[in-house]
Structures are given as structure tokens and as C-alpha cells.
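J.: What would the 3D arrangement of this be:
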Amino acid sequence: MIGLRNKKITVQRKARTHVGAGEYVWNFADIATERGRIRPARGTDKIAGSQAQGEVTHVAYLRAKADVSLGDHLVQSDLTVKILTVRNPAGADHHLEVDCEEVQRGK
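T.: Predicted structure coming up:
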């Protein structure tokens, strides 16, 4: 599986930024860089992910100890996806399978 985690993926998490006069804005900030892979979901993945709040459009594979949470964004080149679910297959701590929904630019 390590050979399949061959792309650089940036993990982004929502962070509050002070903009002055007691006002804040929420943006996504880079928190880590991971080695992984993001692939388009197959039809069966979409059915399995139907309990998620969004539609599963991609599945990401990351190392088992990756610091990722629901709602985080993963960025690989020009693709940004939002994390819907995080699974540790068979509880083996070998890798994480992360169901994601593609984020359209400007959202």
C-alpha cells in the first residue's frame, strides 16, 4: 500500500482569523502534508457512502496515523475534496480510507 500513497496531499482545517474590530472570518488553513492517493469513487463506493451527508465522489488513502477529521479538506494538485468519513479498514492500523466529496472552486 505504501507504493500507492505516492502523491503529496495537503490537509486543510477550518481556522478562525481575526480581521480587526472584533471581527473574524473562517478560512481553510494548511495544517499538514501527507503522502497519499485520491481516486474517483466507483458506483459501489457511492452506494456504500450513502449514509454520509454528501455524495462520495472520491476516496483518499492516507497513512493510519494521519491527522484528519470530518470536514477537513484534502488538496492534491488542482483537486480539493471535503472529508465525509474516515475508516481504518479492519482496525488494522495499516492505512486510512477516507470518503470525500469534491469541493468546487469558490465554495
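
J.: Please make it C-alpha for all contacts and neighbour counts, starting now.
T.: Noted.

J.: just the strands in this protein please.
T.: Counting by DSSP state E, residue ranges of the strands within the chain are 7-20, 23-40, 58-63, 73-76, 79-87, 95-102.

J.: contact partners of the second one?
T.: When contacts are defined by CA atoms under 8 Å, 6 or more residues apart in numbering, strand 23-40 is touched by residues 4-19, 57-63, 66-67, 73, 76.

J.: Buried ones among these?
T.: Using 16 or more other CA atoms under 10 Å as the burial test, those include 5, 9-13, 57-63, 66, 73 as buried.

J.: My guess is Q76 contacts Q12. True?
T.: No: applying CA atoms under 8 Å, one finds Q76 not in contact with Q12, separated by 11.2 Å.

J.: how far away is the residue located most distally from the centre of the chain from T85?
T.: Checked against the mean C-alpha position of the chain, the extreme residue using CA atoms, centre = their mean is A21, at a distance of 33.1 Å. Relative to T85, A21 is positioned 37 Å away (CA to CA, to the nearest Å).

J.: same question, F28
T.: The value you get for F28 to T85, if CA to CA is used, is 18 Å.

J.: Compare those two and say which is more crowded by neighbours.
T.: Neighbours of F28 and T85, each counted by other CA atoms under 10 Å, are more numerous for T85; the result is 20 against 14.
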